[in-house]
Each structure stands twice: as structure tokens, then as C-alpha cells.
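Q: Fold the following and give me the result.
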Amino acid sequence: FKFGDEKSIKGHEIFSRRGRPDPMTGQNEIVTVPSDFRNTYCVIGMITVQPDQRPMVFSIGEDNHDSAAFLAFVIEAVRIGWLRRGDILVLDNAMLHRHGSCDILINWLWNADGPDGEPMRIWLVDFFPTRSPELN
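A: Numbering: from 1, shown residues only. Now for the predicted structure:
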């Protein structure tokens, strides 16, 4: 099983005005904040517990996440061999995973040619309700 999701993060969520003291020293570290911290970042990632593989792959971009970016990330995960033939990819049912550029995702994962020319046959399970952290 492999699990995937994405998160949009705004600059002000990364650089808060409240500092957290270092638990070892009790000191607040000085953090340099960019002049325009209204930027939006997109983190897309996948994790697995398979012992023969890296536990995660991720991408951080400076653009808003959309179905095209998510599809490109999934295609790259297949290209680098992180998603393999017979894997089961579990996603929530967010619109981002189901519509737009991702309309082709289910068929592509099932029919994409692997390194040997045979179809990849990657299963896509997307039954988790949107915004359900207790299940994610």
C-alpha cells in the first residue's frame, strides 16, 4: 500500500510571529522571513511501509496545487520506479485527484507501460472522505 496527498501552505503559516523556544536551550531562534510571505507553496507526497523502498517521495512547489501538478507528480513517481507494478495507491476523494487533468489518472495507472513494455497495473483506491484526518 502507498498513500498520497497534497497540502497547500501559505507563507504566513510557515513564518508565524510567535516563536517557539528550542526545547534544549529555551532560546528563541531568529528566523529570517522573506519580505513577501504571502507566497503559497504546494507539498505533494506519498508514503509507504514497504521495507525495500524509500519510505516517502515528495515535491514542494511555489505554485498552487492543481490536478495537473498532482498528475505530473504521480507520473514522476512511476518514472523513477517508486510506484511499481501491482502497487495500491490510496488517495482521498478530493476533487484534485478526480477531475481536471486527473480524469485520466485511473486508466493511466492501470495501462501505462512499465520498463519492460507491459502495463503497470497500479491500483487506485480513492474512497477516503475529503478532509478526514482521522482516516488519513
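Q: got the buried residues for the longest helix seen in the chain?
A: Longest helix in the chain by number of residues (criterion: DSSP state H): helix 67-79. Using 16 or more other CB atoms under 10 Å as the burial criterion, the residues of helix 67-79 that qualify are Ser67, Ala69, Phe70, Leu71, Phe73, Val74, Ala77, Val78. Quick note: C-beta positions are derived from backbone N, CA and C, even for glycine.
Q: what sits up against it?
A: With contacts defined as CB atoms under 8 Å, 6 or more residues apart in numbering, helix 67-79 is touched by 4, 6, 42, 44, 46, 57, 59, 61, 63, 83, 89, 95-97, 99-102, 104-105, 108-109, 112, 120, 122.
Q: Check which helices and strands the next helix-or-strand element following it sits against.
A: Stepping forward along the backbone from helix 67-79, the first helix or strand reached (DSSP states H and E) is strand 88-92. Here strand 88-92 is seen to pack against strand 2-10, strand 123-128 when contacts are counted using 3 or more CB pairs under 8 Å, 6 or more residues apart in numbering; DSSP states H and E.
Q: Need those strands in TSV (columns: mean neighbour count and distance to Asp116).
A: Conversion of the helices and strands packed on strand 88-92 to TSV gives the following (neighbours: other CB atoms under 10 Å; distance: least, CB to CB, whole Å):
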stretch	mean neighbour count	distance to Asp116
strand 2-10	17	21
strand 123-128	14	19
